[in-house]
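Chemist: Below are the sequence and a predicted model; questions follow.
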Amino acid sequence: MRAKTKFIHAGIVGDETTGAVSTPIYQVSTYKQDAVGKFRGYEYSRTGNPTRHALEVLISELENGHAGFAFSSGMAAVSSVVMLLKQGDHIIVTDDVYGGTFRVFTKVLNRFGIEATFVDTANIQAVEDAIQPNTKAIYIETPTNPLLKITDIKLISTLAKQYQLLTIVDNTFLTPYLQQPITLGADIVLHSATKYIGGHSDVIAGLVVVSNAELAEQLHFVQNSVGAILGPQDSWLLMRGIKTLPIRVEEVNSNTLRVAEFLEQHSKVGKVYYPGLINHPGHELQKKQATGFGGMISFDVGSAEKAEEMLSKLRYFTLAESLGAVESLISIPARMTHASIPAKRRAELGIVDGLVRISVGIEDVEDLLEDLEQAL
Ligand SMILES: *Cc1c(COP(=O)(O)O)cnc(C)c1O
């Protein structure tokens, strides 16, 4: 099955009983038992729900994994995955990781004795140097947010296997349509499905796929014990979003390249970060490990004042946190998505005050270019 067909036909399609083409929404908490302990596959919806199950099977097949898990948010997915570790364990994390992920590691999980070291995972030597006797996992995001740094998933996975560490990849930015980390050697892939997978700015959700039965059993235990599950309505919304994911991503990719090239030649714009640009560090690597460059661009307009002025003049770019939707979204990372990272650390990472981040949508690209031109 080719990729675009897979997004329509993978997983559990429709409903056997009625012939419904769309998976029904099982709005139910508990299930009648035929005799004590004799279930028809489901006993209680925290443990398992048919609508959520259909989504979990689908994402697992799309990521070429062993099993999928749906959570109430991307952060619930991240936190539940980290709960596979225990007190005293250490984890290596990409340095310009999503702000919420940085926060949960440094303000919540640290209180339970899980220690994180943040390193530039694009630098394999720095990763190896950070490995300690109690290190249990390497957690990467590629491309990163907002500077679009690229980490070599295969190289990290190989290193991790040498030291018997888990490789965990946040694949939110590229989706399984463009990048499949498990195929490249990763053990666990996770998503903020709030972004491209949902795709319409209408649901908060997280998804995880694991590569083997042992991890599947462990993560199902955490999912059922902690209970940060996705509800049936939201599971259905994600399956609906997934059907159009390939065509949305194709459109986003071509629009984004046009926007990046426009920004790159514009006199009012400094540095442009987009993996699809030939001079972007990691461009070749991204070409090797993924089938496209995605829809995220960051660029420097010089100062916070200029960034704000520009944002106030735009018509088609909605000022909002988040990304991966049909509509183009724009934000100032230093003041919004990355405000929870201390200013000193932001400066070290290169997240300057004049940095503007765009998530390109599927509008007509000519309208987007004209809008950026007038605002700049
Ligand atoms: C948004 C995001 C998250 C967190 O997901 P939520 O659904 O907002 O909880 C994690 N990682 C990345 C890369 C994100 O963009």
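Modeler: Alright, I've got the coordinates.
Chemist: Would you mind measuring from the residue lying farthest from the centre of the chain to Asn171?
Modeler: When distances to the mean C-alpha position of the chain are computed (Cα atoms, centre = their mean), the maximum falls on Ala35, with 42.3 Å. As defined by Cβ to Cβ, to the nearest Å, Ala35 lies at a distance of 43 Å from Asn171. The C-beta positions use only the backbone N, C-alpha and C, and glycine is treated the same way.
Chemist: and what of Asp234?
Modeler: According to Cβ to Cβ, Asp234 and Asn171 sit 19 Å apart.
Chemist: okay, the two: which has more neighbours?
Modeler: Just comparing Asp234 and Asn171: by other Cβ atoms under 10 Å the higher neighbour count belongs to Asn171, 27 against 23.
Chemist: Just read off the phi/psi values of the closest residue to the more buried one other than its chain neighbours.
Modeler: Using Cβ to Cβ, 6 or more residues apart in numbering and skipping the chain neighbours, the partner closest in space to Asn171 is Val189 (5.0 Å). Main-chain dihedrals, Val189, degrees, to the nearest 10: phi -120, psi 140.
Chemist: residues in contact with Val189?
Modeler: Glu63, Gly65, Ile168, Val169, Asn171, Pro176, Gln180, Pro181, Ile182, Val208, Val209 (Cβ atoms under 8 Å, 6 or more residues apart in numbering).
Chemist: Strands - which of those residues land there?
Modeler: Those of the contacts of Val189 mapping onto strands are Ile168, Val169, Val208, Val209, per DSSP state E.
Chemist: Thr183 is in contact with the second one, correct?
Modeler: No - in this structure, Val169 sits apart from Thr183 without contact. The criterion is Cβ atoms under 8 Å, and the distance is 11.0 Å.
Chemist: Next, count neighbours for Arg248.
Modeler: Neighbour count for Arg248, taken as other Cβ under 10 Å: 21.
Chemist: That one and Met75: what is the separation?
Modeler: Computed as Cβ to Cβ, the Arg248 to Met75 distance reads 23 Å.
Chemist: Next: Lys243.
Modeler: Distance from Lys243 to Met75, by Cβ to Cβ: 25 Å.
Chemist: Looking at the two, which has the bigger crowd around it?
Modeler: Ranked by neighbour count (other Cβ under 10 Å), Lys243 and Met75 place Met75 first, with 20 against 13.
Chemist: wouldn't that one be in contact with Phe102 here?
Modeler: No - applying Cβ under 8 Å as the test, Met75 and Phe102 come out as separate, 11.3 Å apart.
Chemist: who in the stretch 1-150 of the chain is up against the ligand?
Modeler: Ser73, Gly74, Met75, Tyr98, Gly100, Thr101, Glu141, Asn145 (Cβ under 6 Å from any ligand atom).
Chemist: OK, contacts around the second one?
Modeler: With contact taken as Cβ under 8 Å, 6+ apart, Gly74 is in contact with Tyr98, Gly100, Thr172, Leu190, His191, Ser192, Ala193, Thr194, Lys195, Ile204, Ala205, Gly206.
Chemist: CSV for those residues, including distance to Ser157 and secondary structure?
Modeler: Compiled in CSV, the contacts of Gly74 are given as follows (distance: Cβ to Cβ, whole Å; DSSP: H, G, I helix; E, B strand; the rest coil):
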residue, distance to Ser157, secondary structure
Tyr98, 20, coil
Gly100, 24, helix
Thr172, 18, coil
Leu190, 15, strand
His191, 18, strand
Ser192, 22, strand
Ala193, 23, coil
Thr194, 26, coil
Lys195, 23, coil
Ile204, 29, coil
Ala205, 26, coil
Gly206, 22, strand
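Chemist: who wins for most neighbours among those residues?
Modeler: The most crowded member of the contacts of Gly74, judged by other Cβ under 10 Å, is Ala193 (32 neighbours).
Chemist: OK, contacts around the residue nearest to that one when sequence neighbours are not counted?
Modeler: Nearest non-adjacent residue to Ala193, counting by Cβ to Cβ, 6+ apart: Ala205, 4.0 Å away. Shown in contact with Ala205 (Cβ under 8 Å, 6+ apart): 70-74, 192-194, 197-198, 230, 234-235, 237-238.
Chemist: State the distance from Ala205 to Met83.
Modeler: According to Cβ to Cβ, Ala205 and Met83 sit 18 Å apart.
Chemist: Repeat that for Ile188.
Modeler: 12 Å.
Chemist: By proximity to the ligand, which residue of the stretch 1-150 of the chain wins?
Modeler: In the stretch 1-150 of the chain, the residue that lies nearest the ligand is Gly74 (2.1 Å; Cβ to the nearest ligand atom).
Chemist: Skipping adjacent residues, who's closest to that residue in space?
Modeler: Closest residue to Gly74 apart from its sequence neighbours, by Cβ to Cβ, 6+ apart: Ser192 at 2.7 Å.
Chemist: Based on its surroundings, how many neighbours for the closest residue to Thr183 other than its chain neighbours?
Modeler: Excluding the flanking residues, the one nearest Thr183 by Cβ to Cβ, 6+ apart is Asn64, at 5.2 Å. Neighbour count for Asn64, taken as other Cβ under 10 Å: 15.
Chemist: What of His90?
Modeler: Look at His90: counted by other Cβ under 10 Å, it has 19 neighbours.
Chemist: Cool, thanks, signing off.
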